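# everything below, folded, please.
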Amino acid sequence: MKQAHRLKGVRYDIRGPVLRRAQQLEDAGHQLLKLNIGNPAPWGLATPEPIVADVVHNLGAAQGYSDARGIYSARVAVAQYYQNQGVTSVQPDDVMLGNGVSELIVLAVQALLDNGDEVLVPSPDYPLWTGAVTLCGGRAVHYRCDESAGWMPDLEHVAAQITEHTRAMVIINPNNPTGAVYSRETLLGMLELARRYDLLVFADEIYDKIVYDGAEHHTLAALAPDVPVVSMGGLSKTYRAAGFRSGWLAVSGFAGRSTDYLDGLQLLANMRLCPNVPAQHAVQTALGGYQSIEALIRPGGRLYEQREHAWRELTAISGIDCVKPSGALYLFARLDPAFYKIHDDERLVIDLLEQQHLLLSHGTGFNIDEPNYLRLVFLAPTDVLRDAVGRLSAFLGTYHQ
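Numbers count the residues shown, from 1 in each chain. Below is the predicted model:
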């Protein structure tokens with residue numbers, strides 16, 4: 001049996017051949033140090049107990065299907081969250097719950113694209129965006145994020161990619177994989193392009209509360225109430241509840257416009273019946289309760305200190321540069337071509353895996369052209385991060401392609 005032809009152009013390399021090789025090594029009895037995905041639980045970053053308790057408390061009421069958009073209390077909580085961020089138009093009926101943001105990305109893109117339509121996606125990106133656009137018959141057109149400017153989108157390059165086929169723009173802020181937190185001026189520039197060319201904006205803001213050193217996250221939809229925006233967030237990162245698969249989207253800026261796209265989004269939501277109901281009961285408690293993430297991201301907090309330690313250790317290796325992330329959970333490091341002649345970064349991370357039993361992600365898996373970047377997740381304790389960077393340093397000291 002052959003796979004569907006539409007899958008031929010779809011890539012999701014961060015869970016592709018490298019991960020399959022890791023699974024083979026584990027099956028053979030090897031213990032791996034895995035710093036390849038942003039999964040808090042394996043590193044002892046547990047979901048706050050009040051959130052777990054509310055899910056358990058409501059299990060008896062969560063045995064049947066919910067409204068296709070999600071339970072009302074969760075949608076009210078999300079609407080109020082965006083209202084407090086300055087998106088005053090959002091009401092519960094403008095909110096849709098999903099099985100994580102990943103599901104909602106696919107639904108939101110499916111509802112929009114016809115074959116040949118184009119979507120502007122950052123490079124580097126979270127690769128599900130590129131994969132979802134391709135799967136839906138569209139074309140992901142990558143706009144450059146400038147490493148020399150702290151990985152901010154290059155507005156001139158963004159504008160140059162817009163054609164008569166462009167339907168939407170994706171903005172990932174704070175950014176995965178670079179950790180950039182976009183300035184207000186940059187976001188206003190992106191929104192002005194969306195306004196000028198009548199583009200829908202997808203705002204991936206799953207890391208909105210994970211920012212460091214006084215960086216400020218600006219909720220995109222609040223900056224342009226007249227621009228149609230689909231804002232996305234969830235519990236996986238801020239609330240360390242990745243396995244709950246509980247995310248949401250909120251639509252704004254559609255006043256006076258056709259509801260055809262929104263009707264299509266509702267149709268797709270109906271077809272999946274409803275999101276995971278038990279996990280929806282976590283949303284109200286998470287958004288309305290104590291925000292424990294704040295203690296983790298300030299000086300002395302675990303995520304802050306792990307970021308500091310990992311960044312110092314990594315950039316101490318000769319030939320490695322890394323823009324210090326202002327947000328999210330990742331270091332996106334550059335291997336200087338003058339030191340390391342890398343032609344195939346997927347081969348590089350497989351060789352690293354086989355020789356040092358260390359699993360990282362390769363840069364081209366995030367849709368960047370240059371094969372000399374690595375992403376390291378800094379969720380592990382500092383002693384584990386020291387071990388990981390030591391393994392990487394030892395490997396690079398003798399590695400050649």
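
# only C-alpha atoms for contact and neighbour calcs from this point on.
Will do.

# mind listing the helices for the chain?
17-27, 49-57, 72-84, 100-110, 128-135, 155-160, 184-196, 220-223, 260-271, 277-288, 293-297, 302-315, 345-356, 382-396 (DSSP state H).

# for residue 167, grab the count of nearby residues.
Neighbour count for residue 167, taken as other CA atoms under 10 Å: 21.

# for residue 243, which non-adjacent residue is spatially closest?
In space, and not counting its chain neighbours, residue 243 is closest to residue 236: 7.2 Å by CA to CA, 6 or more residues apart in numbering.

# so what's that neighbour up against?
100, 206, 242-247 (CA atoms under 8 Å, 6 or more residues apart in numbering).

# confidence score at it?
If you check residue 236, the pLDDT there is 97.

# returning to what we had before: among the contacts of residue 236, name the buried ones.
Neighbour-count burial (16 or more other CA atoms under 10 Å) applied to the contacts of residue 236 gives 100, 206, 242, 244-247.

# which residues touch the lowest-mean-pLDDT helix or strand in the chain?
Least confident helix or strand of the chain, by mean pLDDT, DSSP states H and E, is helix 17-27 with a mean of 92. With contact meaning CA under 8 Å, 6+ apart, helix 17-27 is reached by 32, 346, 349-350, 353-354, 359.

# distance of residue 129 relative to residue 10?
To residue 10, residue 129 is 11 Å away according to CA to CA, to the nearest Å.

# out of those two, name the residue with the larger neighbour count.
residue 129 (25 against 17).

# okay, residue 13: pLDDT?
For residue 13, the predicted pLDDT is 67.

# my error: substitute residue 259 in the last question.
You'll see residue 259 listed with a pLDDT of 87.

# quick one: it and residue 77, what's the gap?
Relative to residue 77, residue 259 is positioned 24 Å away (CA to CA).

# which of those two has more neighbours?
Taking other CA under 10 Å, residue 259 and residue 77 do not tie; residue 77 has more neighbours (20 against 11).

# hmm, that one is touching residue 288, no?
Yes: the pair residue 77 / residue 288 is scored as a contact, 7.3 Å apart, by CA atoms under 8 Å.

# ok, back up a step: which of the buried ones among the contacts of residue 236 lies closest to residue 370?
residue 206 (26.2 Å; CA to CA).

# the closest one against residue 233, yeah?
Yes: with contacts counted by CA under 8 Å, residue 206 reaches residue 233, the gap being 4.3 Å.

# any residues in contact with both of these two?
Common neighbours of residue 206 and residue 233, using CA under 8 Å, 6+ apart, are residue 101.
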